[in-house]
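*Asks:* Take a look and give me a structure for this.
(2 chains)
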Amino acid sequence: MVKKTKFDCIIVGVGGQGSIFASRVLGEAAVREGYDVISAETHGMAQRGGTVEVHVRLGSSFGPLIPLRSADALVGMEPAEGLRFARYLSPKGTAIINTNVVPATSSDYPPVANLVKALKDTCERVIAYDATRLALDAGHLQTLNVVLLGTLSRMLPLSTLEEVVAEHVPKKALDANIRAFKLGQRVFDA
Amino acid sequence: MQHGNRKFLLGNEAIAYGILEAGVSLVSGYPGTPSSEIIPFIVQHVERYERPPHVEWSVNEKVALEVAAGASYCDVRTAVVMKHVGLNVAADPLMTLAYTGVKGGLVLVVADDPGCFSSQNEQDSRRYAQFAKIPCLDPSTPQEAYDFTKYAFALSELFEIPVMLRPTTRVSHARASVTLSGNYSDQRSPHFKKDPEQWVMVPAHARKRHTELNRIQPLLRAELSSLNNLTLKKSRFGVVTAGVAAKYVEEALKKLRLEPSVLRVAAYPANNDQIATLVSNSRQLLIVEELEPVIEEQVNALAGTVEVYGKLTGHVQREGELTVDTVLHSIGQVVGRLAAADVPAVLIAAEHTLPPRPPVLCVGCPHRATFYALKKVFTKAAIYVGDIGCYTLGVSQGTIDTTLCMGASISMGSGFSAACDKEIVSVIGDSTFIHTGVPGLINAVYNGARLTLVIMDNGTTAMTGHQPHPCTGVNAMGACTMPTPMEDLIKAIGVQGLYVVDPCNLFETEDALTKAKNGDGVQVVIARRPCIISAKKAGTLVKAKKRVTAVCQDYFASCKLCSTLFCPAIIYSETSASIAEDCVGCGVCEQICEFDAIETA
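*Replies:* Residues are numbered from 1 along each chain as shown, chains lettered A, B, ... in the order given. Next up is the predicted model:
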């Protein structure tokens, strides 16, 4: 039987932050646990530095794009990118936002507090923290996506996420990624 | 549910599995987003086969389709892969291939790009299928893309006709749970039966084949009707939809708790009987399809007094991609309900404060240096005729004035040179030069054009994901081949001057460009340096990160010359420039700084 629980999630960031990897882990785990899942990857023309937007729909037989104001969760690897896609988040949804900024070239960046405030005006719950620092604590900047995935995992009906992360990261980065995942989980629990 | 065969696959990977499981003997194509991943996935999985198919990146889409046609005439299965605009290049063989027909199943995978995410237009390939009178399958999910791919081969053989599979970006670049059958067909044995009346399209034969093509049209419509899905309800409101939009319709109707009759078209030519049944059951019809109003026009012809709403009446968005929200809006307009979600004003206001992140050339991209040198030597006064590739981003440096289609830089440059007295610079990449640039260069020399052609040779097809091409000496399978000697080719065409430079050596590059500018007729400068992403992947990049010295502060207010490079690694504060961690040390900023304020860190 295909499981029926539904969960719509938007994962966004800047190229190179691992938004697509995070969405693939989510999808792999969902398939493993018997869910239908569909996602849409939008990564424009830039190999690096551009915006990356992924929609992931767990338990959905619809199209890959999540309608406006209806996602259960929004994961922003970067605060401005998080807010850029907040229009997809349900008023009852949760935003999980890294407060660490990736500067945009040749343009002013608004204060992070304003971005978080705007998110708080938009949805029921905002979990905003410096996930970049936690990634460094875990052992590597590149585990940023796994930190945020750890936080998100507490909202998901999936039990194999950590296992799938472990299978898909390079062996030498395994320990750091598992630490990152657990640090992310702890943020949600706090 | 066979768990073992259920995978989380990109639509393009699902198509690749479908092609392989169909027992193909040959796959050809040219890279183009959103179709580019299909051939690499085939290559990735091909080793499982006792007799792996021949897989190639062809020089261009016309060549790819002709290669496939030859193999198909030998009664083996073939797939040809390209993006929508690639089909323009392959249109010549397509139109007559529909007349000759095929023997072994020939499936033409053409990925459309509603919304122009990575394309110069959003043309609808269903129009080409209609034009060529070949069947077209229109999947709405990766699962259907896989199922339809396998069916397409059988269909192609049943009617001896090429079959188009037309995924769109949201199918090709969707990733979803897909159940694979795991059943692989054996490859067919090659056999070419000489039959001039079928294969030699002299007028007498072509007339007969055209009659045959028209004869099978109603048979095709009948055969394809089983792929479509007609659900009749009591409601006098009906919806006709297709492709990924069918999924948006499903979701929108559920949200609105509406249960109209729905005809989901999955194959073209669409079945008139199914449309007529829906028409006779309805008073109002809404047609929801992406790109062109292909189905809408067909419904209009059969609708009689039934009201038909769609793109032609302004009820469905005419351009760009559809979403659940645009579909909610369309349905709401017809049934007289406010249906679309509202984005709160506070959020819209906050969005306006966000910094844009436009696509930029990578840190260390050799094109940046070439554009800088070009602008210095040829100045703003020249006309820079561009082409299709990463270098289109040179528009921000003021060194791309036109972008039309693959290969157009050289031929349009000839036109500019005949029409006006300005300096003409044509800018093209190596893969695009081989694709359709070569005939333009022959034409330019033959017809006495006056231009400088700059070939930005980064040794790969960078924009679409680093596919090899004939000049790279590697083929689609990763095997070594004899590289096409670019310089010999250009010399043989008879250009008046040819220079080869490393663009990151600005002195050398500016010198060659100056000579080209002062030379006669057609002058060619090859600016050759590997794509920075290729170099990183190959491990051949020697990083020599740069830093800005204190000297910068003294001249900063009146200088900022380095900002004309548009390098994302150079960060500006109020008083000075600095260089970010991601600098790879191409050294171009160091060469242009007039105050020696940049040095190796």
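
*Asks:* Where does the closest residue in space to A:Leu89 that isn't next to it in sequence sit: helix, strand or coil?
*Replies:* Nearest residue to A:Leu89 in three dimensions, chain neighbours excluded: A:Leu74, at 4.5 Å (CB to CB, 6 or more residues apart in numbering or on different chains). (Each C-beta comes from the backbone N, C-alpha and C, glycine too.) Using DSSP: H, G, I helix; E, B strand; the rest coil, the structure places A:Leu74 in strand.

*Asks:* how about A:Leu74, what does it touch?
*Replies:* By CB atoms under 8 Å, 6 or more residues apart in numbering or on different chains, the contact set of A:Leu74 is A:9-10, A:12, A:82, A:85-86, A:88-89, A:93-97, A:123.

*Asks:* So which of those sit within strands?
*Replies:* Taking DSSP state E as the definition of strands, the contacts of A:Leu74 contribute A:Cys9, A:Ile10, A:Val12, A:Leu89, A:Gly93, A:Thr94, A:Ala95, A:Ile96, A:Ile97.

*Asks:* Pass me the low-pLDDT residue ranges in chain A, would you?
*Replies:* A:1-4, A:44-48, A:106-107 (pLDDT under 70).

*Asks:* Quick one: the helices in it, in order.
*Replies:* In chain A, the helices defined using DSSP state H lie at A:19-32, A:79-84, A:112-122, A:131-138, A:144-153, A:161-168, A:174-189.

*Asks:* Pick the most deeply packed of these.
*Replies:* helix A:144-153 (a mean of 28; mean count of other CB atoms under 10 Å in any protein chain shown).

*Asks:* now that one and helix A:161-168, what's the angle there?
*Replies:* 160 degrees (axes from the mean of the first three to the mean of the last three CA atoms, to 10 degrees).

*Asks:* Can you list the helices and strands that helix A:144-153 packs against?
*Replies:* If you count contacts as 3 or more CB pairs under 8 Å, 6 or more residues apart in numbering or on different chains; DSSP states H and E, helix A:144-153 packs onto helix A:19-32, strand A:71-76, strand A:89-98, helix A:131-138, helix A:161-168, helix A:174-189.

*Asks:* So B:Ala381 is in contact with B:Cys420, correct?
*Replies:* No. Look at B:Ala381 against B:Cys420 with CB atoms under 8 Å: they stay out of range, at 11.4 Å.

*Asks:* Taking the stretch 101-250 of chain B, what residue is nearest to chain A?
*Replies:* Closest residue of the stretch 101-250 of chain B to chain A, CB to the nearest CB: B:Lys247 (3.3 Å).

*Asks:* Could you pull up the mean pLDDT of the one helix or strand that residue maps to?
*Replies:* Assigned by DSSP states H and E, B:Lys247 belongs to helix B:244-256. This predicted structure assigns helix B:244-256 an average pLDDT of 97.

*Asks:* CA atoms of whichever helix or strand comes after that helix as PDB?
*Replies:* Counting by DSSP H and E, the next helix or strand C-terminal to helix B:244-256 is strand B:261-265. Extracted C-alpha coordinates of strand B:261-265, given in PDB (Å, rounded to 0.1, in the frame of the first residue of the first chain):
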ATOM      1  CA  SER B 261     -16.400  16.200 -16.800                       C
ATOM      2  CA  VAL B 262     -12.700  16.000 -17.700                       C
ATOM      3  CA  LEU B 263     -11.000  14.900 -20.900                       C
ATOM      4  CA  ARG B 264      -7.300  14.500 -20.300                       C
ATOM      5  CA  VAL B 265      -5.500  14.300 -23.700                       C
END
